[in-house]
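I would like the atomic coordinates for the input below:
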Amino acid sequence: MRISLEGQVALVTGASSGLGYACAEALAAAGAAVTINYHSHREPAESLAEKIRAHGGQAIAVAGDVSVEADVDKLIAAAVSTFGRLDILVANSGLQKDASFGDMTLADWNSVISVNLTGQLLCARAALRQFRQQQFKPELSRAAGKIVHMSSVHQVIPWAGHVNYSASKGGVDLLMRSIAQEIGEERIRVNAVAPGAIKTAINADSIKGGAEEKLLELVPYGRIGVPEDVANAVVWLASDLSDYVHGATLFIDGGMSLYPGFRNNG
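Model (predicted):
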């Protein structure tokens, strides 16, 4: 069954590379008009927008820092002024600043929390406000709006040396569920995806050379994921095929969150 998002408008944050790039491309392939947000890498975002347009789709690239409230408002405004509305938010922007806990600086902590957690709050809140003020069109979607948060397996798996990152993703879990509890009665669906080991730039060092074989010990399914694995799930969560899915986190991890180290009784 082909998923169609024809007539709908999506905003994907942090979409100049990695998971955001794949999500924006997949949403466009399903028919959505896409606003591609980037922070500092304009060229790949613009190239993706041009690629989508060349294939008959609609896309624009817009700069903005998701941790800055005014920038987030401008992103929403750009999507609405260009395409007329907003139906889907993929709150994807994220970063890592790794350090052992004893060496982690307050700046390292604050920068990760401000993007990975506060940024998701700001984007979800701005999207909600737009959903509320625009006309609900059930012929486009059974939901009045869809929000997909980008979390991680590390919302449940502790990660030594990455305390700020894992704390931010644990926060995303309860942020998402609390928002979903509050606004579900407005027919606005809120969910999350939690990727595990995915072949993206942020994980390049983890899967380099022999490190991939070691990493596979943590993945029962026996392969490292690719961005399209996550993008396909995001498209499904944005579609009416998942209309009764609300307040859920979909783990896309090949079983990493099953704690495979305990397969033989620990």
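
pLDDT weak spots in this structure?
1, 202-209, 266 (pLDDT under 70).

hmm, Ala59 is touching Ala49, no?
Yes. The pair Ala59 / Ala49 is scored as a contact, 4.1 Å apart, by CB atoms under 8 Å. (Glycine included, C-beta is placed from N, CA and C.)

now list whatever residues contact both of these two.
Contact criterion CB atoms under 8 Å, 6 or more residues apart in numbering; residues shared by Ala59 and Ala49: Val34, Ile36.

count the residues that sit near the nearest residue to Gly84 once chain neighbours are set aside.
Nearest residue to Gly84, sequence neighbours excluded (CB to CB, 6 or more residues apart in numbering): Val9, at 7.1 Å. Burial measure for Val9: 24 neighbouring residues, criterion other CB atoms under 10 Å.

cool, and Arg187?
Each residue near Arg187 was counted by other CB under 10 Å, and the total is 16.

same check, this time on Leu89
Leu89, neighbours per other CB under 10 Å, totals 30.

hmm, Ile147 and it touching each other?
Yes. In this structure, Leu89 is within contact of Ile147 by CB under 8 Å, at 4.8 Å.

now the common contact residues for those two.
Ala124, Ala127.

where do the helices sit along this protein?
18-29, 42-54, 69-83, 106-113, 119-133, 163-183, 211-216, 227-238 (DSSP state H).

to Asp98, which of the ones you listed lies closest?
helix 163-183 (7.3 Å; CB to CB).

quick one: the closest one to helix 106-113, angle?
Computed by axes from the mean of the first three to the mean of the last three CA atoms, to 10 degrees, the angle separating helix 163-183 from helix 106-113 equals 40 degrees.

helix 163-183 packs against which elements?
Here helix 163-183 touches helix 106-113, helix 119-133, strand 145-150, strand 188-195, going by 3 or more CB pairs under 8 Å, 6 or more residues apart in numbering; DSSP states H and E.

repeat that with 10 Å
The contact analysis (3 or more CB pairs under 10 Å, 6 or more residues apart in numbering; DSSP states H and E) places helix 163-183 against strand 88-91, helix 106-113, helix 119-133, strand 145-150, strand 188-195, strand 249-252.

those into a markdown table, with extra columns for distance to Ser168?
Formatted as a markdown table, the helices and strands packed on helix 163-183 follow (distance: least, CB to CB, whole Å):
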| stretch | distance to Ser168 |
| --- | --- |
| strand 88-91 | 12 |
| helix 106-113 | 5 |
| helix 119-133 | 9 |
| strand 145-150 | 11 |
| strand 188-195 | 13 |
| strand 249-252 | 15 |
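
from Leu117, how far out is the closest residue to Leu75 other than its chain neighbours?
In this structure, Leu75 finds its nearest non-sequential neighbour in Gly64, 4.7 Å apart by CB to CB, 6+ apart. Distance from Gly64 to Leu117, counting by CB to CB, to the nearest Å: 17 Å.

neighbour-wise, which of the two wins?
Neighbour totals were compared for Gly64 and Leu117, and Gly64 leads with 23 against 20 (other CB under 10 Å).

so how far is Leu5 from that one?
Taking CB to CB, one finds Gly64 at 23 Å from Leu5.

what about stretch 48-62, distance to the chain center?
A distance of 19 Å separates the centroid of the chain from that of stretch 48-62, by CA atoms, centre = their mean, to the nearest Å.

repeat for stretch 123-135
Relative to its chain's centre, stretch 123-135 lies at 17 Å (CA atoms, centre = their mean).

okay, buried residues for it please.
Neighbour counts using 16 or more other CB atoms under 10 Å place Cys123, Ala124, Ala126, Ala127, Leu128, Gln130, Phe131, Gln134 of stretch 123-135 among the buried residues.

cool, and stretch 157-175?
Using 16+ other CB under 10 Å as the test for burial, stretch 157-175 gives 157, 162-173, 175.
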